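Q: 3D model of this:
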Amino acid sequence: MVIFPNCKINIGLNIVRKREDGYHDLETVFYPVPVHDVLEVVPHHEDAFVQTGLTIDGDSSNNLCVKALHLVRSIHPDLPTVKMHLHKTIPMGAGLGGGSSDGAHTLLLLNKKFGLGFSQSQLIDMALQLGSDCPFFILNQPCFAWSRGEMMEPLSLPLSGYQLVLINPGIHVNTGWAFKQITPQPPAFSLQEIATLPVKEWQHVVKNDFEKAVGHAHPTVAEIVHYAYTHQAVYAAMSGSGSTCFALFEGLQTLPDFSPFPHCWIRKIKLS
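A: Numbers count the residues shown, from 1 in each chain. This is a model prediction of the structure:
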């Protein structure tokens, strides 16, 4: 069985406070984006994991697909052994949630393939054990999220007709470092209200608290956002803790080519 884990962007990201458990309370708007990895699971005489495409550093035992399999097996010890093949096209450490999506979609695939009967709420609880962004990919629709990101409320955020450009400069941003640059505080504008604003007004109130610090440490990030705005983007920002930036365009037949950034990974998507 094959599944296609998609990525996401964060439209705004407010770090509200640091919690006693060491995590941070935040609020954000998750928006799913149709750029995909590929994950296949087939019966096998023993558990095996193969990864192709973009290179993932580190031991495969730390991959969220593998961790998801172990999590499911801890609940269903009789789960058949499988071979998983993950083909990566979504950049890692990029603010797009590709790894989180892979882990969450492993839960979804195993649940469907083997008829395990997990409910959506059970899958969300399991996904949270893999990482804070993982529960979103169980729901996988535009939503306002808060707490660690696992508390979610579906959001009407129609962007059909807009064109989206993702621009990843190949800079890995350490999430721990990024959080250390932030002084948590309640936002002036709650992202829960984003659907009440026209997209053209987001520039003035929808902020990513990580963007200033990351843009200062890696000027290319700030340059990409500035370039998008000077080429008619109605909204442009960094996603997550970076370094991928995104830009929304309305009514343009031809999108800017982002030629000043020749070494970037770039995807152009018409939203529907």
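Q: And the lowest mean pLDDT element among the helices and strands of this structure?
A: None of the helices or strands of the chain scores lower by mean pLDDT, DSSP states H and E than helix 175-180, at a mean of 90.
Q: What segments of the stretch 1-150 of the chain are helices?
A: Here the stretch 1-150 of the chain has its helices, by DSSP state H, counting those that start in this stretch, at 64-75, 98-113, 120-130, 134-139.
Q: Would you agree residue 52 is in contact with residue 40?
A: No. With contact taken as CB atoms under 8 Å, residue 52 and residue 40 are classed as non-touching, separated by 10.7 Å. Any C-beta I mention is one placed from the backbone N, CA and C, and that applies to glycine too.
Q: shared neighbours, these two?
A: residue 85 (CB atoms under 8 Å, 6 or more residues apart in numbering).
Q: which one of those two has more residues nearby?
A: For residue 52 versus residue 40, neighbours defined as other CB atoms under 10 Å are more numerous around residue 40 (15 against 11).
Q: any idea how far residue 184 is from the more buried one?
A: Residue 40 sits 41 Å away from residue 184, going by CB to CB, to the nearest Å.
Q: Over to residue 26?
A: 9 Å.
Q: one step back: out of the helices of the stretch 1-150 of the chain, which gets nearest to residue 13?
A: Closest approach to residue 13 among those (CB to CB): helix 134-139, 12.9 Å.
Q: what comes into contact with the closest one?
A: Contacts for helix 134-139 (CB under 8 Å, 6+ apart): 5-6, 8, 30, 32, 64, 97, 100-101, 103-105, 107-108, 120, 123-124, 127-128, 143, 145, 149-150, 152, 154.
Q: which sections of the stretch 151-272 of the chain are below the confidence cut-off?
A: Along the stretch 151-272 of the chain, no part satisfies pLDDT under 70.
Q: what's around residue 147, how many residues?
A: 16.
Q: If you could redo that for residue 161, that was the one I meant.
A: If we define neighbours as other CB under 10 Å, then residue 161 has 10 of them.
Q: show me the contacts for it.
A: Contact analysis of residue 161 by CB under 8 Å, 6+ apart lists 250, 271.
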